[in-house]
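Chemist: okay, sequence plus prediction incoming.
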Amino acid sequence: MLHIDLLQNGRFTTPEEIDEAVTPVMTVQSVSVYVSRSFLLEEAILEEAETINADVIVLGKSQKSAWRRVLDRVVGTAPDVVPFLREFTAAEIVVVE
C-alpha cells in the first residue's frame with residue numbers, strides 16, 4: 001500500500017498510522033505500507049508503480065467537497081490523476097470508494 005503525503009499540505013503520515021488504519025480491513029493478507037512525500041501526486045504514484053512494475057493501481061476516490069473539486073479543476077491546482085496514469089502506464093487503474 002502506498003500513501004502519498006503532499007508536501008504543500010504539511011501533513012506527514014507514518015507507515016504505522018497507515019498500517020493501523022488498514023489492518024482491521026485487510027484481515028486476509030498482510031500489507032506492506034510505504035509512505036512517500038511529493039508535491040505532485042500523480043508523478044509520485046507513477047514513479048512508485050514503475051519501481052515495482054505494478055500490474056494494477058488502485059486509487060481511493062477523492063473525498064473533497066464538490067465545490068473544491070470544481071475550483072481545483074478551474075484553477076488547475078489538482079491533477080486529474082486517473083487520465084494521467086492511464087496515459088503514462090500500462091497498469092490497470094481501479095478507483096474505489
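Modeler: Cool, got the structure.
Chemist: give me the local confidence score for the residue found closest to Y34 once you drop the neighbours it is linked to in the chain.
Modeler: In space, Y34 comes closest to L2 once its chain neighbours are excluded; the distance is 4.9 Å by Cβ to Cβ, 6 or more residues apart in numbering. C-beta here means a position set from N, CA and C on the backbone, and glycine is covered the same way. pLDDT recorded at L2 is 86.
Chemist: ok, L2 touching I45?
Modeler: Yes - counting by Cβ atoms under 8 Å, L2 does reach I45; the two are 7.0 Å apart.
Chemist: quick one: which of those two has more around it?
Modeler: A direct count of neighbours by other Cβ atoms under 10 Å for L2 and I45 places I45 higher, at 25 against 18.
Chemist: the more buried one against V81, yeah?
Modeler: Yes - I45 is within contact range of V81, at 6.9 Å (criterion: Cβ under 8 Å).
Chemist: just for this protein, where's the confidence low?
Modeler: For the chain, the stretches flagged by pLDDT under 70 are 62-79.
Chemist: remind me, longest helix of the chain?
Modeler: helix 41-52 (DSSP state H).
Chemist: hmm, who's touching that helix?
Modeler: By Cβ atoms under 8 Å, 6 or more residues apart in numbering, the residues outside helix 41-52 that reach it are 2, 4, 6, 34, 36-38, 54, 57, 59, 79, 81, 84-85, 88-89, 91.
Chemist: rerun that using 6 Å as the cut-off
Modeler: L2, I4, S36, S38, I57, P79, V81, F84, F88, T89, A91 (Cβ atoms under 6 Å, 6 or more residues apart in numbering).
Chemist: buried residues in the strand or helix carrying the fifth one?
Modeler: Think I57. For I57, the enclosing helix or strand under DSSP states H and E is strand 56-60. Neighbour counts over strand 56-60 (16 or more other Cβ atoms under 10 Å) mark I57 as buried.
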